Every structure is written in C-alpha cells, then in structure tokens.
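Trainee: Return atomic coordinates for the entry below.
(2 chains)
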Amino acid sequence: NAGVTQTPKFQVLKTGQSMTLQCAQDMNHEYMSWYRQDPGMGLRLIHYSVGAGITDQGEVPNGYNVSRSTTEDFPLRLLSAAPSQTSVYFCASSRDHRGGSIYEQYFGPGTRLTVT
Amino acid sequence: AQSVAQPEDQVNVAEGNPLTVKCTYSVSGNPYLFWYVQYPNRGLQFLLKYITGDNLVKGSYGFEAEFNKSQTSFHLKKPSALVSDSALYFCAVRDGGNRLAFGKGNQVVVIP
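Mentor: Next up is the predicted model:
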C-alpha cells in the first residue's frame, strides 16, 4: 500500500491565485482530514470528511474548500491565496470511528506552500 | 473543547539517558490520547495511544507513555535515548468524532 499520498510536495503561489492540493489514500479509510502546520502552533484542523459526500469544517476553514466525491480522494482548494496561508499542509486518514472504536490517523508527507 | 499542552519547547538529552516528553490534557469525559513523531521533512507517524485500561501504554520504537488521571498528564518516555530519536513530538487528544487537537510540539535533541 502507498498509504496517504499528497501532491505537489512544494508550491509557490502569488497572492490571489488559486490551486488544489491533492490527497489520496488506498487503505479504504472513511475518515480523511486536512491540517496546516505552522511553527509553534502544532497542527490545526482545516476540514474533515467522514465519508464520500460528507464534509465539515475544522478549526481554521476560512479560505479553503473541500469535496469528497470518492472514498480515496480528498482535495483541498485554496480559493484566493494569501500570504497567511503560507504553511505546510498535511492530509490524514483513518478508519471509521462511528462504531465506537478509536483509531489512529495516518499522515501523508505534506505539501509546503509559499504565498508571495 | 478538548486540549493538550506541551509545556517545553525543546528537550535536550544525552544519548543513553532516559527521555521524557511532557503532555497535560484538558477534557470533558473520557480522554483518548495520542503521541505522534515527526522526523525532518516528513509527515507525522503514530507512536501510541491511550484509550482505557492499563496506565502504561507501550508503543513503537521502544517508546511508552504513562497516563495519570489525577495529574491529567500523558508523558512520553523512553528508557535509553538514541540519536535517531531526535525529532518533533506531538501529543494529541480526540476532540469529538475522529478529530484530533494537537499540542504545539516538542523538539527533542539527543546529544551524542
């Protein structure tokens, strides 16, 4: 299994540009999420999904959109990039928690985004 | 909302000495706690989790964590640190559903 994959690894955008960060997993996980990592702030949840067709906002959703049309893919869209969105973005997935079990999340390698 | 705190920014330890990385938590209800490690330019890797039961949880790479309900702590430990343990360590708590709330992270530096 490839696990969780993310593309691109690096990206530089100009203010106002839009782009999509790709995330895919081959573990048949129902739950997927996007985090951003900033120095001294840990990871903060942007959006998450508990299954195809279902998404919800996390702690810092403004400026980002998501959709989940398949179990495998969970792209993150930046609508109009701003310098404040310069960060490292991580996608993660895990098994479905709704049966009451607690599962760990598996993380992708990350996308380093710079907005100038 | 649930939260965790990692009070130290950096932990320096000599190779072969015991390593402890501190984490305290604040939850309403049962705490579900996790430790992850991040090596340079990599994603996070799961180390261990506490769900219920034994207060000493064993995980990957020789790490273990001690859950202490009275002190609301979940400290990560390793009896003998290796240089290869130098990394960024994150404590996290389940914050409803499958959502995780992370601490700010602790940089661990193991000195040869």
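
Trainee: can you tell me which helix or strand the residue nearest the centre of chain A belongs to?
Mentor: For chain A, the residue nearest the mean C-alpha position is A:Trp34 (2.5 Å; Cα atoms, centre = their mean). Assessed by DSSP states H and E, A:Trp34 sits inside strand A:31-37.

Trainee: right, and the residue nearest to the centre of chain A touches A:Phe74 too?
Mentor: Yes - if you go by Cβ atoms under 8 Å, A:Trp34 and A:Phe74 touch, sitting 7.2 Å apart. C-betas here are computed from N, CA, C, even on glycine.

Trainee: who touches both of those two?
Mentor: A:23, A:66, A:91 (Cβ atoms under 8 Å, 6 or more residues apart in numbering or on different chains).

Trainee: what's the angle from the helix or strand hosting the last one to strand A:31-37?
Mentor: Assigned by DSSP H and E, A:Cys91 belongs to strand A:87-94. For strand A:87-94 against strand A:31-37, the angle by axes from the mean of the first three to the mean of the last three Cα atoms, to 10 degrees is 160 degrees.

Trainee: who does B:Phe46 bridge with?
Mentor: B:Tyr36 (DSSP bridges).

Trainee: now for the strand holding A:Trp34, which elements pack on it?
Mentor: Secondary-structure packing of strand A:31-37 (3 or more Cβ pairs under 8 Å, 6 or more residues apart in numbering or on different chains; DSSP states H and E): strand A:19-25, strand A:43-51, strand A:87-94.

Trainee: ok, now with 10 Å
Mentor: Strand A:31-37 sits against strand A:19-25, strand A:43-51, strand A:54-57, strand A:64-66, strand A:87-94, strand A:106-107, strand A:111-115, strand B:100-102, with contacts defined as 3 or more Cβ pairs under 10 Å, 6 or more residues apart in numbering or on different chains; DSSP states H and E.

Trainee: Mean pLDDT for the ones you listed - can I get that in a markdown table?
Mentor: Shown next, in a markdown table, are these (pLDDT from 0 to 100):
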| stretch | mean pLDDT |
| --- | --- |
| strand A:19-25 | 98 |
| strand A:43-51 | 95 |
| strand A:54-57 | 96 |
| strand A:64-66 | 98 |
| strand A:87-94 | 96 |
| strand A:106-107 | 96 |
| strand A:111-115 | 97 |
| strand B:100-102 | 92 |
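
Trainee: Throw those strands into CSV and include mean neighbour count and distance to B:Tyr25, thanks.
Mentor: Converted to CSV, the helices and strands packed on strand A:31-37 look like this (neighbours: other Cβ atoms under 10 Å in any protein chain shown; distance: least, Cβ to Cβ, whole Å):
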stretch, mean neighbour count, distance to B:Tyr25
strand A:19-25, 19, 28
strand A:43-51, 21, 16
strand A:54-57, 14, 23
strand A:64-66, 19, 28
strand A:87-94, 24, 20
strand A:106-107, 22, 21
strand A:111-115, 18, 29
strand B:100-102, 24, 9
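
Trainee: Tell me which of those strands lies nearest to B:Gln10.
Mentor: Ranking these by proximity to B:Gln10 (Cβ to Cβ) places strand B:100-102 first, at 17.2 Å.

Trainee: which neighbours does that closest one have in its sheet, and in what orientation?
Mentor: Here strand B:100-102 has these sheet partners by DSSP bridges: strand B:87-94 (antiparallel).

Trainee: Alright, that wraps it up for me.
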